[in-house]
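**Q** I would like the atomic coordinates for the input below:
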Amino acid sequence: MAFVSITRLRVRSWRYLPMFALYALKSAREAARADGNLTTRLLRDRRNTFWTGTVWASDAAMKLFMLSGAHRRAMNKLPHWCDEAALVHWTQESTELPTWQESCAGLQREGRPSKVNHPSPAHTAHQFSAPRVRTVDELRFK
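**A** As a prediction, this is how the structure comes out:
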């Protein structure tokens, strides 16, 4: 069984985007190289919104990555940088990353919000629109 992790983050101000982008790219590269990582993708959406999708060989492999390196450092900053944040995990037979639309449906159905210091009304209501998916907005690391 493969372990899927999907996150959606909305950066609340343009002034946080440069540092957010730096941490996001560094974290994605580290994830792609991490033991147990099968797939790593990022999607830039509208309104400073970003999606991450990763597939792991196990929950333990994902947790080991999550608590180390650039990802761990970024997690400390996200409550201040973001006004919307949510995540969802599930297991599946396939090692393929679900489509972004499937990921969005899973996030809305089974996901949970992350702590942010300045929650938007959408974050509080756990309501958000499906991502706009264009090839130019997606980065595939693995």
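
**Q** Now residue 23. Nearest residue, chain neighbours left out?
**A** Leaving aside its chain neighbours, residue 23 sits nearest to residue 74 (3.9 Å; criterion: CB to CB, 6 or more residues apart in numbering). In this view, the C-beta of every residue, glycine as well, is placed from N, C-alpha and C.

**Q** number of nearby residues for the one you found?
**A** Per other CB atoms under 10 Å, the neighbour tally for residue 74 reads 18.

**Q** Point me to the helix or strand that includes it.
**A** Secondary structure assignment for residue 74, by DSSP states H and E: helix 69-81.

**Q** all strands of the protein, in order?
**A** 2-11, 37-44, 49-56, 82-92, 112-113, 138-140 (DSSP state E).

**Q** outside of the helix of greatest length in the chain, which residues touch it?
**A** Looking across the chain with DSSP state H, the single longest helix is helix 17-33. Helix 17-33 is touched from outside by 9, 11, 37, 40, 42, 48, 50, 52, 54, 65, 68-71, 73-74, 77, 81, 139, 141-142, with contacts defined as CB atoms under 8 Å, 6 or more residues apart in numbering.

**Q** chain center to that helix, what's the gap?
**A** Distance of helix 17-33 from the chain centroid (CA atoms, centre = their mean, to the nearest Å) equals 11 Å.

**Q** Okay, angle between it and helix 69-81 too, please.
**A** 150 degrees (axes from the mean of the first three to the mean of the last three CA atoms, to 10 degrees).

**Q** okay, residue 142: pLDDT?
**A** At residue 142, the pLDDT value in this model is 84.

**Q** Quick check: nearest residue in space to it, chain neighbours excluded?
**A** The shortest distance from residue 142 to any non-neighbouring residue, by CB to CB, 6+ apart, is to residue 32 (4.2 Å).

**Q** Next, format the strands of the chain as TSV and append distance to residue 129 and mean neighbour count.
**A** Shown next, in TSV, are the strands of the chain (distance: least, CB to CB, whole Å; neighbours: other CB atoms under 10 Å):
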stretch	distance to residue 129	mean neighbour count
strand 2-11	11	22
strand 37-44	13	20
strand 49-56	9	22
strand 82-92	11	19
strand 112-113	16	13
strand 138-140	17	14
